[in-house]
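Engineer: Next one to model:
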Amino acid sequence: MKFISGLALAVAIGCLLPLSNGYATFRDKIPNGHNVQHPCDNTKLWQGVGHQSDQGGNERNQFGLDFKAAGYSWTRSLCLKDSDGDGSSNGEELGDPSCAWQQGRTPARNDNITHPGYRTPASQYPYSEGDLTTLNCQTYSKKRCAAFDAPGVRYVDLRVRNGSNDSIVPAKETTYFNMNYELPSDKEYHAVGFAPILDNLNVIHHFVMTACHFPVPIGNGYESFNVLEGCERVMYVWSFGLGPECLPEAAGVPFGKTKGRYVQLQLHWTNREGVSGYRDTSGVRIYYTSKLRKYDIGSLTLGQLDTTIPGGKSSVITPSTCSSDCTKAMLDQGSIYLVTAFPHMHFLGKSMTVDHVNSEGIRTRIMDDKVYNYNSPKVYEYEGTDSIAVKPGDVLHADCEFSSIKRNTTTRWGFGSYDEMCFAFLRYYPNRGELSCLQYQNKDFCYSQSETLGPRCSLFGYTENITVTVNSALRQCSAAIDEVQKDMPVKGAVCTNDCKTQLTRVLSAYRNPCQQTRHKTEWKLLDSLISTKVSQLIEVEKHCQTFGVVNPQLAEGNGAASLAASLLPLLVAVASSASGYMF
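Structural biologist: Predicted coordinates:
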């Protein structure tokens, strides 16, 4: 068993990267697409008209299925259809009773716009599970968090802006936009809950707010995928399917005079259509109090770092265990109590379970996500009589089930949408640090972020650079790898310019100054995780150098030969060093 620190944020943010909230611009392709009343509450709007979630992003409702069948167009047939079977056509419900509307024009009616996919008002139609045209309104009528209105509780809004102006969303598919803030710091505070502030739902994808260990620049927002080094304690995460977070009465997220005075808010915008002129001021509202609660909140990540799923399988189980040795070491200060948990896999995810086994061998299932939905994760809450204690020496099992029946290729672990992951993210108290209890195959990989690496040394930055860059190089060089594995001479055509570029980036990533400090066990362990992949890249470079370069693009700049001369010795050294620290 080894202990490292800082990887949790890389995993958490990497997990969020592929989340999809559907095409918001589809609402422009139906009349009054931005003006559809919520079937359970006509004072609210249903943003994802074709989806089962009011925010969009998950499975389609019946209207969404019909819209897809119509080629995502407002056809006369779709207009005349009564998708929800309530006696009114889709056109009548959306303000186009004569089916004459065309995109960009004003509909015949723009008031009292009811949902074409759900019978309205929903209270008059009994909910039936599996019926795509009825709603369980209790799902949408959660009581407001009582702590938000408690005496002495205030709030502060953190919204993205450039000076006094709304932030302009670039006309490109993906943008990571960041702003840094200074929170109230005259005394110590506890955040008692968080709520998303959602401005432009056409582009907002997800956001992450992290606390910083030291002062950071305050000013206008800026584009960057990287979270600032030292800003690694996750305070709040929002994505589609998640709402406000109400923390238990016994605990809060600390900030103020000595803890988390500075925060970074990173938004992911998705502008798939490349629309110019979009603006956004989304952000987060922090509810907080100076009346400190008994405990600070911490986070715990469970899961598997090595996932391999052959194609064409209806069920593949990826197990992971947080061993008794790990919980003894991480919880040496005492037991913790779980607050919330939610699962994370990608498109192949089918189901997930998390079991707790105490010292007496009693096994309790604390998460049972029988039908996993990638775009609409379920949040499991444990409070009061449902509170779950995890003691030193206890064991936690997190098992993911995948279905690859629609794929004919092998899927492996990675940050990409079509890679896979197996994680459970949990909140707990009292705080013992940012804990992760992971496995690489059957080897323990558990740690606490409270074990510091030293000033400005960020395992997040290193992990993001190495893991993502090496995996990108493997994809770009896949043809060359295939030739190497077949023991055939690499043809010039497979030594592509993209392959060369990615290999150059690998070299740059390995120049991380903290990683070069070889006495740091943490860096050596991370090296060991990718040593096999690095070895594949070494073979590609050797063959490309040996058999020459036919692709004329590679004759430009340094070329493969000079690149190999500089890259190969370093990769060999890294792989050799890493191999001495394999589990």
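Engineer: Which residue is most remote from the mean position of this protein?
Structural biologist: Each residue of the chain has a distance to the centre, and by C-alpha atoms, centre = their mean the biggest one is for S98: 43.2 Å.
Engineer: My guess is that one contacts E92. True?
Structural biologist: No. Using C-beta atoms under 8 Å as the test, S98 is too far from E92 to be in contact (9.6 Å). (Glycine included, C-beta is placed from N, CA and C.)
Engineer: Tell me which residues touch the residue farthest from the centre of the chain, please.
Structural biologist: By C-beta atoms under 8 Å, 6 or more residues apart in numbering, S98 lies in contact with 91, 108.
Engineer: Is it part of a helix or strand, or is it coil?
Structural biologist: At S98 the chain is in coil, as set by DSSP: H, G, I helix; E, B strand; the rest coil.
Engineer: Distance of it relative to G274?
Structural biologist: 33 Å (C-beta to C-beta, to the nearest Å).
Engineer: Helices of the protein, residue ranges please.
Structural biologist: Ranges of helices in the chain, per DSSP state H, are 7-16, 62-69, 76-80, 90-93, 324-330, 459-463, 469-476, 478-485, 497-509, 521-546, 559-579.
Engineer: What is the burial count for L158?
Structural biologist: As a burial measure, L158 scores 21 neighbours (other C-beta atoms under 10 Å).
Engineer: Disregarding residues adjacent in the polypeptide, which is nearest to it?
Structural biologist: Using C-beta to C-beta, 6 or more residues apart in numbering and skipping residues adjacent in sequence, the residue nearest L158 is G283, 4.8 Å away.
Engineer: Let's test this: mean pLDDT of stretch 108-122, rounded?
Structural biologist: Here stretch 108-122 scores 89 as its mean pLDDT.
Engineer: Would you mind listing the residues in contact with the closest residue to T409 other than its chain neighbours?
Structural biologist: Excluding the flanking residues, the one nearest T409 by C-beta to C-beta, 6+ apart is G311, at 4.9 Å. By C-beta under 8 Å, 6+ apart, the contact list for G311 reads 404, 407-411.
Engineer: State the distance from G311 to T410.
Structural biologist: Distance from G311 to T410, by C-beta to C-beta: 6 Å.
Engineer: end-to-end on stretch 102-119?
Structural biologist: End-to-end span of stretch 102-119 (C-alpha to C-alpha, to the nearest Å): 25 Å.
Engineer: ok, residues contacting that stretch?
Structural biologist: Around stretch 102-119, the neighbours that count as contacts under C-beta under 8 Å, 6+ apart are 28-29, 31-32, 35-39, 46, 49-50, 61-64, 74, 83-86, 88, 90, 93-98, 100-101, 120, 125, 132-135.
Engineer: Which of the residues in that stretch are classified as buried?
Structural biologist: Applying a neighbour-count criterion of 16 or more other C-beta atoms under 10 Å, one finds 107, 113-119 buried in stretch 102-119.
Engineer: now do stretch 291-298
Structural biologist: 293, 295-298.
Engineer: among the residues you listed, which are in strands?
Structural biologist: The strands, defined by DSSP state E, take in 295-296, 298 from the buried residues of stretch 291-298.
Engineer: can I get these in a markdown table with pLDDT and distance to Q264?
Structural biologist: Compiled in a markdown table, those are given as follows (pLDDT from 0 to 100; distance: C-beta to C-beta, whole Å):
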| residue | pLDDT | distance to Q264 |
| --- | --- | --- |
| Y295 | 93 | 24 |
| D296 | 93 | 20 |
| G298 | 88 | 19 |
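Engineer: Against G221, how distant is the residue nearest to P217 when sequence neighbours are not counted?
Structural biologist: Distances taken as C-beta to C-beta, 6+ apart put N180 closest to P217, at 6.1 Å, once the chain neighbours are dropped. Separation of N180 from G221 (C-beta to C-beta): 9 Å.
Engineer: Compare those two and say which is more crowded by neighbours.
Structural biologist: N180 (21 against 18).
Engineer: Show the low-confidence segments of the stretch 201-350 of the chain, by residue range.
Structural biologist: Counting by pLDDT under 70, the stretch 201-350 of the chain contains low-confidence residues at 229, 240-241.
Engineer: residue ranges with poor pLDDT in the stretch 51-200 of the chain?
Structural biologist: Per-residue confidence for the stretch 51-200 of the chain (pLDDT under 70) gives these ranges: 56-58, 139-143, 162-166.
Engineer: Show me where it has its strands.
Structural biologist: Taking DSSP state E, counting those that start in this stretch, the strands of the stretch 51-200 of the chain run over residues 154-159, 161-162, 165-168, 174-182, 188-197.
Engineer: go on, the stretch 351-500 of the chain?
Structural biologist: Ranges of strands in the stretch 351-500 of the chain, per DSSP E, counting those that start in this stretch, are 363-369, 380-381, 388-390, 395-402, 411-412, 422-429, 434-440, 443-448.
Engineer: Pull out the buried residues from the third one.
Structural biologist: Judged by neighbour count using 16+ other C-beta under 10 Å, the buried positions of strand 388-390 are 388, 390.
Engineer: which other helices and strands contact it?
Structural biologist: strand 336-344 (3 or more C-beta pairs under 8 Å, 6 or more residues apart in numbering; DSSP states H and E).
Engineer: are any of the contacts of stretch 102-119 buried, and which?
Structural biologist: Counted by 16+ other C-beta under 10 Å, these give 31-32, 35-39, 46, 49-50, 61-64, 74, 83-84, 86, 88, 90, 93-97, 101, 120, 125, 132-135 as buried.
Engineer: which of the helices of the chain has the lowest average pLDDT?
Structural biologist: helix 559-579 - the lowest mean pLDDT of these, at a mean of 34.
Engineer: What values do phi and psi take at T114?
Structural biologist: Main-chain torsions, T114, degrees, to the nearest 10: phi -100, psi 160.
Engineer: beta partners of R365?
Structural biologist: Beta bridges link R365 to D355, judged by DSSP bridges.
Engineer: In this structure it contacts A341, no?
Structural biologist: No. Counting by C-beta under 8 Å, R365 does not reach A341; the two are 11.8 Å apart.
Engineer: Residues that sit against both of these two, list them.
Structural biologist: Common contacts of R365 and A341, defined by C-beta under 8 Å, 6+ apart, comprise V354.
Engineer: of the two, who's got more company?
Structural biologist: The residue with more neighbours, out of R365 and A341, is A341; 23 against 10, by other C-beta under 10 Å.
Engineer: Going by distance to Q476, which of the buried residues of stretch 102-119 wins?
Structural biologist: Nearest to Q476 among the buried residues of stretch 102-119 is G117, at 41.9 Å by C-beta to C-beta.
Engineer: Can you tell me, leaving aside adjacent residues, what's nearest to the closest one?
Structural biologist: F63 (3.1 Å).
Engineer: now D399
Structural biologist: Take D399 and drop its neighbours on the chain: the residue closest to it by C-beta to C-beta, 6+ apart is P319, 4.8 Å away.
Engineer: H34: what's it in contact with?
Structural biologist: Shown in contact with H34 (C-beta under 8 Å, 6+ apart): 27-28, 45.
Engineer: how about a cut-off of 7 Å?
Structural biologist: The contact partners of H34, taken as C-beta atoms under 7 Å, 6 or more residues apart in numbering, are R27.
Engineer: Could you do H397 as well?
Structural biologist: Counted by C-beta under 7 Å, 6+ apart, H397 has contacts 319, 321, 354-355.
Engineer: is it possible to export these to JSON lines including distance to T327 and neighbour count?
Structural biologist: Listed next are the contacts of H397 as JSON lines, based on distance: C-beta to C-beta, whole Å; neighbours: other C-beta atoms under 10 Å:
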{"residue": "P319", "distance to T327": "17", "neighbour count": "13"}
{"residue": "T321", "distance to T327": "11", "neighbour count": "20"}
{"residue": "V354", "distance to T327": "14", "neighbour count": "25"}
{"residue": "D355", "distance to T327": "14", "neighbour count": "16"}
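Engineer: which among those residues gets closest to T496?
Structural biologist: P319 (37.8 Å).
Engineer: how far away is the closest one from I481?
Structural biologist: For P319, the distance to I481 (C-beta to C-beta) stands at 29 Å.
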